[in-house]
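got a sequence here, can you build the structure:
(one chain, ligands or ions: 1)
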Amino acid sequence: MNTSVFEHYESEVRSYCRHFPTVFTKAKGANFFDEDGRKYIDFFCGAGAVNYGHNNPVIKKKLIEYLESDGVMHALDMYTVPKREFIETFEEKILKPRGLNYKIQFPGPTGTNANEAALKLARKVKKRRNVFALMGAFHGMTLGSMALTTDKASRRGAGVDLNNVTFIPAPYMFPELDTVAYMQRLLTDDHSGIEKPAALFIETIQAEGGIRVFDADWLRAVRKFCDDNDILLVVDDVQVGCCRSGTFFSFERAGIQPDIVTMSKSIGGYGLPLAITLIKPELDVWSPGEHNGTFRGNQLAFVAAKGGLEYMLENKVEEQVVRKGEIIRTYIEKEILPLDSRLELRGLGMIWGIEFENIPVKGLADKVIEKCFEYGLIIEGAGRKNSVVKLMPPLVIDEAELLEGLAIIKKSVEDNLAAL
Ligand SMILES: Cc1ncc(COP(=O)(O)O)c(C=O)c1O
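Now for the predicted structure:
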């Protein structure tokens with residue numbers, strides 16, 4: 001496999017390719033193929049960007065039709081038919097049936113762009129600079145979002161102070177600590193040293209943080225805390241939105257309505273770049289062009305995004321996730337956890353993590369990931385010290401292939417445990 005051009009000319013910053021050292025040519029459904037014609041099962045799913053499968057044929061058809069019609073490809077944020085149709089579909093098929101009322105902002109196309117917009121807007125609305133975020137959070141790699149992101153390796157790259165954020169222990173860190181009461185105390189104690197925040201940013205499931213699912217009661221308590229204290233609740237649904245958790249928005253299971261929601265990754269339907277920042281209408285205090293950018297609303301991504309939403313509804317993807325999530329949980333509980341009593345499982349819907357931290361062998365999860373690749377499975381790590389093997393298959397993967405991928409993880413864990 002010739003990878004020398006990348007090694008010679010591509011920046012050292014490249015990362016995922018180091019875990020999967022081959023050259024890919026094609027992808028279809030839940031599979032990748034490389035230059036040697038080798039097939040891989042994909043449990044990484046573009047970090048959640050291709051929930052509806054690689055080259056989904058239904059969405060592809062719409063893209064080809066749009067390309068062949070010489071539809072507008074670039075229009076800054078001008079009005080276009082694909083944008084209108086995406087907004088109409090999102091409004092009618094996603095927001096209204098859930099009783100949600102948001103205006104849609106199109107920031108730049110990545111998750112971090114959506115969070116930067118949310119951060120700026122929250123500070124502008126509340127005229128406060130501080131923001132609360134949780135330890136274990138990942139919100140992106142540009143300076144504002146990175147200030148909300150906790151892992152050392154990411155923060156190290158900033159080169160400047162990352163400030164105006166107060167980190168709150170995540171509820172799983174100190175089970176005996178009532179984190180909501182703790183936040184309240186920070187506000188009421190005139191010796192806390194903490195400024196009142198404009199917003200609290202959360203992921204309802206910390207994904208990069210190691211698949212940490214926050215329970216519905218905690219999410220409701222956090223909503224109430226924000227209401228009681230005039231603080232905006234921002235839910236970052238970049239990774240666990242678009243049905244990943246079993247409902248389109250990950251916060252639906254708690255029955256809460258965030259003030260701002262950020263989405264990217266699979267909102268682009270086909271792995272195309274798109275992000276949205278959903279804003280309660282009364283918070284939409286932007287002046288025209290106050291948050292600007294050349295690539296705000298990729299037209300092909302709008303076509304794919306609308307196609308993705310329609311596909312998701314027609315194929316009842318939310319139900320598929322609940323059913324296949326059970327298959328994953330049952331398989332791991334029966335086949336993988338018994339391999340070593342120190343293994344743990346966490347997850348919801350179709351995002352799951354096998355935790356290796358209690359087995360004191362450095363880099364064990366990484367070794368399992370490496371073995372999986374050897375056996376033809378693409379899967380990534382997450383969490384503190386990358387101690388979690390993170391399962392995130394396309395939501396539309398067929399059940400036989402899902403079981404095949406799970407069997408590869410089992411074999412890779414067995415091989416590694418045998419070598420201890
Ligand atoms: C929860 C969450 N927020 C934000 C981001 C950043 O998204 P992007 O990499 O598209 O900037 C990610 C990326 O993994 C994420 O998981």
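
the stretch 251-400 of the chain against the ligand: which residues are in contact?
S264 (Cβ under 6 Å from any ligand atom). C-beta: built from backbone N, CA, C; applies to glycine.

give me the residue from the stretch 251-400 of the chain nearest the ligand.
Using Cβ to the nearest ligand atom, S264 is the residue of the stretch 251-400 of the chain that sits closest to the ligand, at 4.9 Å.

now swap in the chain and tell me
Going by Cβ to the nearest ligand atom, the ligand is nearest to G111 of the chain, at 2.3 Å.

secondary structure class for the residue nearest the centre of the chain?
The residue lying closest to the centre of the chain (Cα atoms, centre = their mean) is Q239, at 1.1 Å. Three-state call for Q239 (DSSP: H, G, I helix; E, B strand; the rest coil): coil.

mind listing what K127 touches?
A198 (Cβ atoms under 8 Å, 6 or more residues apart in numbering).

one more: A216?
Counting by Cβ under 8 Å, 6+ apart, A216 touches 253-255.

which among these gets closest to M312?
Distances from M312 to the contacts of A216, taken as Cβ to Cβ, are shortest for R253 (17.3 Å).

what's the neighbour count on the residue of the chain closest to the ligand?
29 (other Cβ atoms under 10 Å).

ok, now Y270?
Y270 has 26 nearby residues by other Cβ under 10 Å.

did I read that right, it in a strand?
No. Assigned with three-state DSSP, Y270 falls outside any strand and is coil.

got the confidence number for it?
The pLDDT attached to Y270 in the predicted structure is 98.

can you say which helix or strand has the nearest residue to it once chain neighbours are set aside in it?
Nearest non-adjacent residue to Y270, counting by Cβ to Cβ, 6 or more residues apart in numbering: A304, 3.8 Å away. Assessed by DSSP states H and E, A304 sits inside helix 299-314.

circling back: surely the residue of the chain closest to the ligand is in contact with K265?
Yes. At 6.4 Å, G111 and K265 qualify as touching, with contact defined as Cβ atoms under 8 Å.

need the residues touching each of these two.
Counting by Cβ under 8 Å, 6+ apart, the contacts common to G111 and K265 are 238-239.

please name the residues that touch the closest residue to E310 other than its chain neighbours.
Distance criterion Cβ to Cβ, 6+ apart; nearest residue to E310, sequence neighbours excluded, is T89 at 6.9 Å. If a contact means Cβ under 8 Å, 6+ apart, then T89 has 306, 309-310 as its contacts.

turn these into JSON lines, including pLDDT, distance to F356 and neighbour count.
Listed next are the contacts of T89 as JSON lines, based on pLDDT from 0 to 100; distance: Cβ to Cβ, whole Å; neighbours: other Cβ atoms under 10 Å:
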{"residue": "K306", "pLDDT": "98", "distance to F356": "41", "neighbour count": "23"}
{"residue": "L309", "pLDDT": "98", "distance to F356": "37", "neighbour count": "22"}
{"residue": "E310", "pLDDT": "98", "distance to F356": "40", "neighbour count": "16"}
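
make a markdown table from the contacts of A216 and add secondary structure, pLDDT and neighbour count to it.
Shown next, in a markdown table, are those (DSSP: H, G, I helix; E, B strand; the rest coil; pLDDT from 0 to 100; neighbours: other Cβ atoms under 10 Å):
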| residue | secondary structure | pLDDT | neighbour count |
| --- | --- | --- | --- |
| R253 | helix | 98 | 17 |
| A254 | helix | 98 | 19 |
| G255 | coil | 98 | 10 |
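
need the residues you listed in TSV (columns: distance to R38).
Listed next are the contacts of A216 as TSV, based on distance: Cβ to Cβ, whole Å:
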residue	distance to R38
R253	39
A254	42
G255	46
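
still on that earlier bit, the residue nearest to the centre of the chain reaches A207, doesn't it?
Yes. Applying Cβ under 8 Å, one finds Q239 in contact with A207, separated by 4.3 Å.

for the two, list the residues in contact with both.
The contact sets of Q239 and A207 overlap at 48, 351 (Cβ under 8 Å, 6+ apart).

and the helices in the chain?
4-9, 16-19, 45-48, 57-68, 81-89, 111-126, 143-147, 152-156, 179-188, 216-229, 299-314, 317-331, 364-374, 399-418 (DSSP state H).

among these, which comes closest to M392?
Comparison of the helices of the chain against M392 by Cβ to Cβ identifies helix 45-48 as nearest, at 4.9 Å.

near the ligand at all, the closest one?
Yes. Residues of helix 45-48 contacting the ligand under Cβ under 6 Å from any ligand atom: A47.

where do the strands sit along the stretch 151-300 of the chain?
Under the criterion DSSP state E, counting those that start in this stretch, the stretch 151-300 of the chain carries strands at the ranges 165-168, 199-202, 205-206, 212-213, 232-236, 260-263, 276-279.

pipe those into CSV and attach mean neighbour count and mean pLDDT per row.
As requested, the strands of the stretch 151-300 of the chain are exported to CSV (neighbours: other Cβ atoms under 10 Å; pLDDT from 0 to 100):
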stretch, mean neighbour count, mean pLDDT
strand 165-168, 19, 98
strand 199-202, 26, 99
strand 205-206, 24, 98
strand 212-213, 22, 98
strand 232-236, 27, 99
strand 260-263, 27, 99
strand 276-279, 26, 98
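
wait, A301 touches T110, no?
No. A301 is not in contact with T110 according to Cβ under 8 Å; the separation is 11.5 Å.

if I look at these two, which residues touch both of them?
P273.

who has more neighbours out of the two?
The neighbour comparison of A301 against T110 (other Cβ under 10 Å) goes to A301, with 25 against 20.

tell me the contacts of that one?
Counting by Cβ under 8 Å, 6+ apart, the residues that A301 touches are 109, 268-270, 272-274.

how far away is it from M350?
A301 sits 23 Å away from M350, going by Cβ to Cβ, to the nearest Å.

tally of neighbours for F33?
Counted with other Cβ under 10 Å, the neighbours of F33 add up to 16.
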